[in-house]
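> Give me the fold of what follows.
(chains A and B)
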Amino acid sequence: MKKIKKIKIKINGKIKSINQDSTLSVVLKNLKFPLNKVAIELNEEIIDKKKINKIKLNKNDKIEIVHFIGGG
Amino acid sequence: MEAVNLKKDSLIIANKKFNSRLIVGTGKYKSMSECAKAIKLSGAEIVTVAVRRVNISDKNKPLLMDYIDPKKITYLPNTAGCFNSKEALRTLRLAREIGGWKLVKLEVLGDKKNLFPDMIETLKSTEVLAKEGFKVMVYCNDDPLMAKRLENSGADAIMPLAAPIGSGLGIQNKINIQIIRKQTKLPLIIDAGLGQASDATIAMELGCDGVLVNTAIAKAKRPFEMALAFKNAVIAGRQSYKSGRIDKILMGIPSSPSKGII
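Okay, here's the model as predicted:
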């Protein structure tokens, strides 16, 4: 069996190891966060949530996932 | 004179009508359920919210949206914690992406100790946001000249502080608030520094269109009662303002007739 190569990315400041050629969609699905309640940045650029299955992730990519919390 | 009909006396921000003139923050509560109950009691239709990273290691953490329904209550994303224009713009663009939020509160702080706004960064951000189609409610200091500049830059509401955020000191500069009131037709909302319900009444009596309160309710010994007190205080202040107060005079005038005294 061919071994799947892993790459390292950062999600909300934490290093994660994912399969090479993973799409943003797959990574987000694994996090199990309701997409309608978050916004996503990839390398400081806002991502259109409708296009996440077309975006392939690269080594050292930085993803930020934010949502609303209590605040003044 | 026409009677004061508060039902028809709506607060209009960026063409949207609200019945309540009290805006409340959702921070500093002991729990989300306490926050949700206090909001309900306050009658507020707009709540401020912060934009932060999701906790990817604890996915079962309760979400604000599960407690406060954004379909029923207008979420007002806020840039609290941002200390420059770049951070503030990034935060609000993300907020818009979560679900189309265009009505936002801009707050660019300049000093970590007193939390006063950095008005140069605030002004720059207001211009950019207005051009990008945001409806911007702007936290600012109580400076009439700066308020005018914000208005000219496309702000949708002027939100001067009463006193430093979370200080509970109440309105420190009534004259400036009145000058700002006289010069602008934009919604004028006192943001930050109120400590008790009567502070909200004073703000409304000065002619403000609304008040924004967080700490004074969330950190009161009994937040639910204080939420209700602020609701009533805002209504009382508005009614008082609309009723046309008497002139102030130096000497006494008796309330009972001076004729027929035995």
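
> Show me what from chain A comes close to chain B.
Counting by C-beta under 8 Å from any C-beta of the partner chain, the positions of chain A adjacent to chain B are A:11-14, A:31-34, A:36-41, A:44, A:46, A:49, A:64-72. Placement of C-beta: from N, CA and C, glycine included.

> Of these, which belong to strands?
With DSSP state E as the criterion, strands contain A:11, A:14, A:39-41, A:46, A:64-70 from among those.

> Narrow the residues you listed to those that are buried.
Of the members of those, the ones counted as buried by neighbours, 16 or more other C-beta atoms under 10 Å in any protein chain shown, are A:11, A:39-41, A:64-70.

> In a markdown table: these, plus pLDDT.
As requested, these are arranged in a markdown table below (pLDDT from 0 to 100):
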| residue | pLDDT |
| --- | --- |
| A:11 | 91 |
| A:39 | 94 |
| A:40 | 93 |
| A:41 | 95 |
| A:64 | 94 |
| A:65 | 93 |
| A:66 | 93 |
| A:67 | 91 |
| A:68 | 92 |
| A:69 | 91 |
| A:70 | 90 |
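
> and the residue of chain A at minimum distance from chain B, what is it in contact with?
Distances from chain A to chain B, computed as C-beta to the nearest C-beta, single out residue A:71 as the nearest residue at 2.6 Å. Going by C-beta atoms under 8 Å, 6 or more residues apart in numbering or on different chains, residue A:71 touches B:25-27, B:48-50, B:52, B:78, B:80.

> These: which ones sit near chain A?
Judged by C-beta under 8 Å from any C-beta, the overlap between these and the neighbourhood of chain A comprises B:25-27, B:48-50, B:52, B:78, B:80.

> that older thread, which residue is the nearest non-sequential neighbour of the residue of chain A closest to chain B?
Spatial nearest neighbour of residue A:71, excluding adjacent residues (C-beta to C-beta, 6 or more residues apart in numbering or on different chains): residue B:50 at 2.6 Å.

> Please apply the same query to residue B:42.
On the basis of C-beta to C-beta, 6+ apart, the spatially nearest residue to residue B:42 that is not a chain neighbour turns out to be residue B:227, at 4.0 Å.

> same thing with residue B:133?
Distances taken as C-beta to C-beta, 6+ apart place residue B:102 nearest to residue B:133, at 6.4 Å, with adjacent residues excluded.

> wait, what's in contact with residue B:99?
Under the criterion of C-beta under 8 Å, 6+ apart, the neighbours of residue B:99 are A:36-37, B:70.

> And the residues you listed, which of them are buried?
Burial of the contacts of residue B:99 was assessed by neighbour count (16+ other C-beta under 10 Å); the buried members are A:37, B:70.

> Output the contacts of residue B:99 as CSV; include the columns pLDDT and distance to residue A:3.
Formatted as CSV, the contacts of residue B:99 follow (pLDDT from 0 to 100; distance: C-beta to C-beta, whole Å):
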residue, pLDDT, distance to residue A:3
A:36, 86, 36
A:37, 88, 36
B:70, 90, 45
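
> low pLDDT regions in the stretch 101-250 of chain B?
Segments of the stretch 101-250 of chain B classed as low confidence (criterion: pLDDT under 70) are not present in this model.

> residues in it within reach of chain A, list them.
Taking C-beta under 8 Å from any C-beta as the contact definition, the stretch 101-250 of chain B meets chain A at B:165-166, B:192, B:214-215.

> ok, those residues vs residue B:98, which is closest?
For these, the residue nearest residue B:98 by C-beta to C-beta is residue B:214; the value is 20.6 Å.

> any idea of the pLDDT on the closest residue to the closest one other than its chain neighbours?
Spatial nearest neighbour of residue B:214, excluding adjacent residues (C-beta to C-beta, 6+ apart): residue B:25 at 2.7 Å. Residue B:25 is assigned a predicted lDDT (pLDDT) of 95.

> before we move on, the earlier item: let's see which of the residues of the stretch 101-250 of chain B next to chain A end up in helices.
With helices defined by DSSP state H, the entries of those inside them are residue B:215.

> Kindly present the residues of the stretch 101-250 of chain B next to chain A as JSON lines, with separate columns for neighbour count.
Shown next, in JSON lines, are those (neighbours: other C-beta atoms under 10 Å in any protein chain shown):
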{"residue": "B:165", "neighbour count": "21"}
{"residue": "B:166", "neighbour count": "18"}
{"residue": "B:192", "neighbour count": "27"}
{"residue": "B:214", "neighbour count": "26"}
{"residue": "B:215", "neighbour count": "19"}
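
> Great, nothing more from me.
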